[in-house]
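> sequence plus predicted model, see below.
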Amino acid sequence: MAEELRTVAGNQAKRLKSSCNNIEEAAEEVGKQEENGHETKRIKTSGEEVEDGVKRFPKRKVVLLMAYSGKGYHGMQRNVGNAQFKTIEDDLVTALIRSGCIPENHGEDMKKMSFQRCARTDKGVSAAGQIVSLKVWLIDDILEKINHHLPPHIRILGLKRVTGGFNSKNKCDARTYSYMLPTFALAHKDCDLQDDTYRLSTKTLETVNSLLACYKGTHNFHNFTSQKGPKDPSAKRYIMEMYCEEPFVREGMEFAVIKVKGQSFMMHQIRKMIGLVIAIVKGFASEAIMERCWGEEKVDVPKAPGLGLVLERVHFEKYNKRFGNDGLHEALEWVEEEEKIAAFKEQHIYPTIISTEKEEKSMGCWVETLSNHDFNSTVSRAPVDNRDSKVTQLVAITAFQSLTMCSVKCFFHLL
């Protein structure tokens, strides 16, 4: 009799577990259909994944909160089959496979796991709050196992379940970047010291913030990327805020951080926005050049080094409003991870920027090239493609011919 009771109890427990799994998966499907604007349908699923005859954990759609130092990497996005240029996603996918979160064949075809990054950071650019969305097996101790297979300068700081149709790029409302630079980059070329002893004055900081505020609103940023023409509607971008914070001293050198928040950014856009402000503050260009940049003519806009650029945060206000309090999903906010983010920046991002600037003098060498730019004339735009314009190429050649041996080394480092 006792044996029969145990058998009945065991069968009831199995049915209850299966029922819970079905409810959870049904809720996931409902979220996916609602997000895509489809009518909700009744579904029936098994609650278990089977691959090659082996029982697996349930596969679920999640987002991962990432932080990484971009030095030594050719950006975030993976180039499958091209091992010459290592990216952040190369290391991430390897860690996902080795930890048992995804099958090995998903590494060759990332669409199989519905992988999407929120922002595609460029070569050398770091991140403190990058988000990627993908489907994974929710194994035990998943964060610890992924991080175990990652280098220390790449960390997964958080994980949250999202709706089945969630796409981290398409659902992102805005992105916040910071740019950390030595303040001597803002020293006037004719009046101020041009070395580590320079200290930013209150007046100059006010001038910088006045210029940065000119970027706020919607403008045609075709002059701030090599990928768009003046009549391309996608060249218009909306900037919500842009300002420079109070400077601070690290290892005897003064630095300042510029923050910018916008809906989305084009390749090199932020670096060119900052590069133009530096050229104006240093006295190489007049403030009138900013108005000319919004016009259709091609303007010579310098591109600041990528070293100090950091993806700080990505924002999902609309998603959070709709699904963040539905009882099934969490809002994509990372209050509990703030300390981890701050610690990672202090340990891996800021020291890398400071030490690299001191050793390679990327900003110092770049500033020397500003005199080679022609800020007083406009040039007819060459046909737009994915390469730099002819104007930029001519400027680069001229700069190369006039640089010192030290500058030549930095010039190649910036390319």
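Looks like it arrived, so ask away.

> which residue ranges form the strands in the chain?
Secondary structure of the chain (DSSP state E): strands at 49-51, 54-56, 59-68, 116-117, 126-137, 154-161, 174-182, 217-220, 236-244, 248-250, 253-262, 298-299, 309-315, 378-379.

> can you put those strands in a markdown table and add mean neighbour count, mean pLDDT and distance to residue 208?
Just so you know, the C-beta spots here come from the backbone N, C-alpha and C atoms, and that holds for glycine as well. Shown next, in a markdown table, are the strands of the chain (neighbours: other C-beta atoms under 10 Å; pLDDT from 0 to 100; distance: least, C-beta to C-beta, whole Å):
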| stretch | mean neighbour count | mean pLDDT | distance to residue 208 |
| --- | --- | --- | --- |
| strand 49-51 | 11 | 49 | 54 |
| strand 54-56 | 10 | 52 | 54 |
| strand 59-68 | 22 | 95 | 28 |
| strand 116-117 | 21 | 94 | 31 |
| strand 126-137 | 24 | 96 | 22 |
| strand 154-161 | 19 | 96 | 32 |
| strand 174-182 | 22 | 97 | 11 |
| strand 217-220 | 14 | 96 | 18 |
| strand 236-244 | 18 | 97 | 5 |
| strand 248-250 | 12 | 95 | 15 |
| strand 253-262 | 20 | 97 | 8 |
| strand 298-299 | 22 | 94 | 20 |
| strand 309-315 | 23 | 96 | 17 |
| strand 378-379 | 16 | 56 | 25 |
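
> now render these as CSV, adding distance to residue 92.
Supplementary listing: the strands of the chain in CSV, determined by distance: least, C-beta to C-beta, whole Å:
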stretch, distance to residue 92
strand 49-51, 21
strand 54-56, 20
strand 59-68, 7
strand 116-117, 10
strand 126-137, 7
strand 154-161, 7
strand 174-182, 19
strand 217-220, 34
strand 236-244, 28
strand 248-250, 29
strand 253-262, 25
strand 298-299, 38
strand 309-315, 15
strand 378-379, 41
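
> looking at those, which is nearest to residue 203?
strand 236-244 (13.0 Å; C-beta to C-beta).

> off-centre distance for the closest one?
Taking C-alpha atoms, centre = their mean, to the nearest Å, one finds strand 236-244 lying 16 Å from the centre of the chain it belongs to.

> got the contact list for that strand?
With contact meaning C-beta atoms under 8 Å, 6 or more residues apart in numbering, strand 236-244 is reached by 174, 205, 208-209, 212-213, 215-221, 256-266, 269, 273.

> parallel or antiparallel, which strands does it pair with?
Take DSSP bridges as the rule and strand 236-244 pairs in its sheet with strand 217-220 (antiparallel), strand 253-262 (antiparallel).

> for residue 59, which of those is the nearest?
Nearest to residue 59 among the strands paired with strand 236-244 is strand 253-262; the distance by C-beta to C-beta comes to 34.1 Å.

> the inter-axis angle of the closest one versus strand 174-182?
160 degrees (axes from the mean of the first three to the mean of the last three C-alpha atoms, to 10 degrees).

> list the buried ones in stretch 337-350?
For stretch 337-350, a neighbour-count test (16 or more other C-beta atoms under 10 Å) marks 340-341, 344-345, 348-350 as buried.

> and the residues you listed as JSON lines, adding pLDDT and distance to residue 122?
Formatted as JSON lines, these follow (pLDDT from 0 to 100; distance: C-beta to C-beta, whole Å):
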{"residue": "340", "pLDDT": "96", "distance to residue 122": "24"}
{"residue": "341", "pLDDT": "97", "distance to residue 122": "21"}
{"residue": "344", "pLDDT": "97", "distance to residue 122": "20"}
{"residue": "345", "pLDDT": "96", "distance to residue 122": "19"}
{"residue": "348", "pLDDT": "96", "distance to residue 122": "18"}
{"residue": "349", "pLDDT": "96", "distance to residue 122": "15"}
{"residue": "350", "pLDDT": "95", "distance to residue 122": "19"}
